[in-house]
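Asker: Okay, here's the prediction I keep looking at, along with the sequence it came from:
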Amino acid sequence: MTWLFVAALLTAATLFYVFYIPGRLFLGPENTRASYLRERKDAVYENLRDLNFEYQAGKVPEGDYQQMKSSLQDEAAALLAEIARLESNPALQKGNRS
């Protein structure tokens, strides 16, 4: 009988630990469209650096390098244009990610 009580108590404590939600949760800073675009811009720049390194190391053929570089540069230009548009109109910054 004692082992049943101990098992029930242990089960209740485990369920409480797993499913307990505190009254106040820290969700971190609010994400805005501009912050998402800045993170994406950083990722594209990092990809460009990696691509240049791989090309210089001889791991990427010339044709593929030019195509990927052009694609990444186009994406970076589009991101920078949208960031500039959002910074010129702060009311747009709180929009959803799309």
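Answerer: That came through, no problem.
Asker: low-confidence ranges in this structure?
Answerer: For the chain, the stretches with pLDDT under 70 are 92-98.
Asker: Which residue ranges of it form helices?
Answerer: Here the chain has its helices, by DSSP state H, at 2-19, 33-56, 62-88.
Asker: For those, give me JSON lines that also has distance to Leu27 and mean neighbour count.
Answerer: Glycine gets a C-beta too; all of them are placed from N, C-alpha and C. Supplementary listing: the helices of the chain in JSON lines, determined by distance: least, C-beta to C-beta, whole Å; neighbours: other C-beta atoms under 10 Å:
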{"stretch": "helix 2-19", "distance to Leu27": "19", "mean neighbour count": "9"}
{"stretch": "helix 33-56", "distance to Leu27": "14", "mean neighbour count": "15"}
{"stretch": "helix 62-88", "distance to Leu27": "22", "mean neighbour count": "13"}
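Asker: These into CSV, with extra columns for distance to Phe26?
Answerer: Formatted as CSV, the helices of the chain follow (distance: least, C-beta to C-beta, whole Å):
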stretch, distance to Phe26
helix 2-19, 19
helix 33-56, 17
helix 62-88, 26
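Asker: For Val60, see how far away Ala34 is.
Answerer: Shown here: Ala34 relative to Val60, a distance of 32 Å by C-beta to C-beta, to the nearest Å.
Asker: that older thread, relative to Leu25, which of the helices of the chain is closest?
Answerer: Among the helices of the chain, helix 2-19 comes nearest to Leu25, with 14.1 Å by C-beta to C-beta.
Asker: Which elements pack onto that closest one?
Answerer: With contacts defined as 3 or more C-beta pairs under 8 Å, 6 or more residues apart in numbering; DSSP states H and E, helix 2-19 has no helix or strand neighbours.
Asker: Good, we can wrap up now.
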